[in-house]
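Engineer: Attaching a predicted model along with its sequence, questions to come.
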Amino acid sequence: MSATILIVEDDAVFRDFLRRILDSAGYSVALAADGREGFRRLQKEHFDLALCDLKMPFMTGLELFRSINAEPHPPLFIFITAFGRVEEAVEAIREGAVDFLTKPLKDPETLLAIIKKGLQQVEIRRLAVSLKESEQAGIPPEELVFAGKAMEKVRKLVFDVAPAMANVLVCGESGTGKELVARMIHLLSPRKNAPFVPVNCAAIPENLLESELFGHERGAFTGAFSSRRGKFELAQGGTIFLDEMGDMPLALQAKLLRVLQERLFERVGGTLQIKADIRVIAATNRNLEQEVKEKRFREDLYYRLNVFPITLPALNERVDAIASMVGYFSVFFSARSGLRKQIAVSGEAMSLLEQYSWPGNVRELQNVIERGIILARDEITPAELPEQLQKKTAQGGGGGGELLKSQENEAICRTLRRFSGNRRMTAEALGISLRTLQYRLKQLGLSGKSAEKNSFCRETD
């Protein structure tokens, strides 16, 4: 993950050495020459982590740590201490520091491993705060809903259409989060304080769907012992979300078309016209254009609904978002299970999750993580993942998987050569996260600096 790190170190040579290591790993780095300067910067600027020497003039690292922890939203601390003087570092860990390093530093990898551990805790803390805030709105945090480069266009469309009153048609495979996008549009609209009413058109029997949508009067049909308001009345002033629109019967499509045209409807068995002050957001996993051609969906209704279309990408097009989603789901299900700590996901398990094809999309990923939380003790490992996920991963995700993997590897190598081995620029050009790129390079047995020189990469021009 990208992160901002403050290095607080009075030794200028060692301070610059640390900066170069973190710069090369893609982190945003700031410097402070002593504890007092570090305190001033931490008060005025936001940092995810502070990498801090313990023994400094004017203000020690432990004094800085205790002082800044009294401020709102302090960063997490990693300390540096001389070998043989670890008592203060251990005391700081008891008070909430992440970890400590000893001088002289063994190698850059040791530093980067501890930084990675600290940033994982930063992410967990951030997700826990977002979880509390988003639970009130009934949806995950915005950055999670639109996570991944493939969702950038979707996010722009959502923010563009939300203030308008236009009908919206959300298309995408089952499990891609169509209802979440609809809820986001509603919450960003002037109707956000009015009801959001979802209706799954495929889940309601055909003979009951009209009554469910428009309500009915007493005696309208057998069993109608009293009048009942339908979903359109319940959504007055707000938004109605018609999920699985492609499954709506043709006869009911005609009645819905009239509501969209005239903004009026009657209850089943009634004569009183009721005004429909409602925004309509519809969703489908079907190709409605094809449904129109085959006379299973009304063409005039299609054009009424398709005023502002939004198409959601499948999860296998959002590989760079999987780590964020896994982090959120693990926090969510750990909390819901009453666990005192969040169950983490091992690197090997994360690699499997990022390689899988996800035919069930985000909903399948959510179910896999919930299952893993139930089975795991300290962390989710490959053993807690479903067998079919591991089996399909081993097969390359089904037919043609090896060819696809080969094409992906070629694209990585070409892009690495283009940017002279710069991992961050390569990841941005490929539209994937730096973490995903590092996994791919590891699988190829390459490093970011040596990949463009590797014989495999030379042979894929």
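Structural biologist: Sure thing, it's come through. Remember, it's a predicted structure, so these values are computed and weren't measured experimentally.

Engineer: Please make it C-alpha for all contacts and neighbour counts, starting now.
Structural biologist: OK.

Engineer: pLDDT weak spots in the stretch 101-250 of the chain?
Structural biologist: Flagging of the stretch 101-250 of the chain using pLDDT under 70 yields the residue ranges 124-138.

Engineer: which residues of it fall in strands?
Structural biologist: 168-171, 196-200, 239-243 (DSSP state E, counting those that start in this stretch).

Engineer: now for the helix or strand just after the last one, which elements pack on it?
Structural biologist: Pointing back at strand 239-243 there. Once strand 239-243 ends, the next helix or strand along the chain (criterion: DSSP states H and E) is helix 250-262. Contact analysis of helix 250-262 by 3 or more C-alpha pairs under 8 Å, 6 or more residues apart in numbering; DSSP states H and E lists strand 264-265, helix 299-305 as its packing neighbours.

Engineer: In a markdown table, list these along with distance to Arg36 and mean neighbour count.
Structural biologist: Compiled in a markdown table, the helices and strands packed on helix 250-262 are given as follows (distance: least, C-alpha to C-alpha, whole Å; neighbours: other C-alpha atoms under 10 Å):
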| stretch | distance to Arg36 | mean neighbour count |
| --- | --- | --- |
| strand 264-265 | 68 | 18 |
| helix 299-305 | 61 | 16 |
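
Engineer: from the strands of the stretch 101-250 of the chain, which stretch is densest packed?
Structural biologist: strand 239-243 (a mean of 26; mean count of other C-alpha atoms under 10 Å).

Engineer: Can you check what angle separates that one from strand 196-200?
Structural biologist: Between strand 239-243 and strand 196-200, the angle comes out at 20 degrees (axes from the mean of the first three to the mean of the last three C-alpha atoms, to 10 degrees).

Engineer: Name the residues that touch strand 239-243?
Structural biologist: For strand 239-243, the surrounding residues in contact (C-alpha atoms under 8 Å, 6 or more residues apart in numbering) are 179, 182, 186, 191, 194-202, 231-232, 278-284.

Engineer: Show me what the helix or strand containing Leu31 is in contact with.
Structural biologist: Element membership for Leu31 (DSSP H and E) is strand 28-32. Contacts of strand 28-32 from elsewhere in the structure, counted by C-alpha under 8 Å, 6+ apart, are 2-10, 15, 19, 22-23, 38, 41.

Engineer: and what of stretch 275-284?
Structural biologist: Looking at stretch 275-284 with C-alpha under 8 Å, 6+ apart, the contacting residues turn out to be 165-173, 178-179, 182, 232-233, 235-246, 259, 263-265, 305.

Engineer: 7 Å - rerun?
Structural biologist: Residues external to stretch 275-284 that are found in contact with it (C-alpha atoms under 7 Å, 6 or more residues apart in numbering): 165, 167-172, 178, 182, 232, 235-246, 263-265.

Engineer: quick one: average pLDDT of it?
Structural biologist: Confidence for stretch 275-284, expressed as mean pLDDT, is 92.

Engineer: and the residue lying closest to Glu317 once chain neighbours are set aside, what does it touch?
Structural biologist: Nearest-residue entry for Glu317: Ala150, 6.7 Å, with adjacent residues in sequence omitted and distances by C-alpha to C-alpha, 6 or more residues apart in numbering. Contacts were defined as C-alpha under 7 Å, 6+ apart; by that measure Ala150 touches Pro313, Glu317, Arg318.

Engineer: hmm, back to that, and the following helix or strand past the strand holding Leu31 with strand 28-32, angle?
Structural biologist: If you walk from strand 28-32 toward the C-terminus, the next helix or strand you reach (DSSP H and E) is helix 35-44. The directions of helix 35-44 and strand 28-32 differ by 140 degrees, with the same axes, to 10 degrees as the criterion.

Engineer: Helix 35-44: how far from the chain's middle?
Structural biologist: 33 Å (C-alpha atoms, centre = their mean, to the nearest Å).

Engineer: what's the following helix or strand after that helix?
Structural biologist: Per DSSP H and E, the helix or strand that comes after helix 35-44 is strand 49-53.

Engineer: In terms of secondary structure, what does that next one contact?
Structural biologist: Under the contact criterion of 3 or more C-alpha pairs under 7 Å, 6 or more residues apart in numbering; DSSP states H and E, the helices and strands touching strand 49-53 comprise strand 4-8, strand 76-82.

Engineer: Least reliable of the ones you listed by average pLDDT, please.
Structural biologist: Among these, strand 76-82 scores lowest, with a mean of 88.

Engineer: Name the strands paired with that one and say parallel or antiparallel.
Structural biologist: Using DSSP bridges, the strands paired with strand 76-82 are strand 49-53 (parallel), strand 99-103 (parallel).

Engineer: between that strand and strand 4-8, what angle do the directions make?
Structural biologist: Counting by the same axes, to 10 degrees, strand 76-82 points 30 degrees away from the direction of strand 4-8.

Engineer: contacts for strand 76-82?
Structural biologist: Here strand 76-82 makes contact (C-alpha under 7 Å, 6+ apart) with 48-54, 89, 97-103.

Engineer: Check the residues you listed against Phe146 and report the nearest one.
Structural biologist: Looking at the contacts of strand 76-82 and their distance to Phe146, the nearest is Asp48, at 21.9 Å (C-alpha to C-alpha).

Engineer: mind checking how far that closest one is from Ile115?
Structural biologist: With the distance defined as C-alpha to C-alpha, to the nearest Å, Asp48 ends up 10 Å from Ile115.

Engineer: Any stretches of the stretch 301-450 of the chain with poor pLDDT?
Structural biologist: For the stretch 301-450 of the chain, the stretches with pLDDT under 70 are 339-341, 391-411, 418, 428-433, 435-436, 439, 443-450.

Engineer: just the helices in it please.
Structural biologist: Applying DSSP state H, counting those that start in this stretch to the stretch 301-450 of the chain gives helices spanning 322-336, 347-355, 361-375, 387-394, 401-418, 423-430, 434-444.

Engineer: Which one of the ones you listed lies nearest to Phe214?
Structural biologist: Go through these one by one with C-alpha to C-alpha and the one that ends up closest to Phe214 is helix 361-375, at 29.9 Å.

Engineer: Give me the neighbour count for Gly270.
Structural biologist: Per other C-alpha atoms under 10 Å, the neighbour tally for Gly270 reads 15.

Engineer: And for Asn316?
Structural biologist: Other residues near Asn316 number 18, with proximity taken as other C-alpha under 10 Å.

Engineer: Sweet, I'm off.
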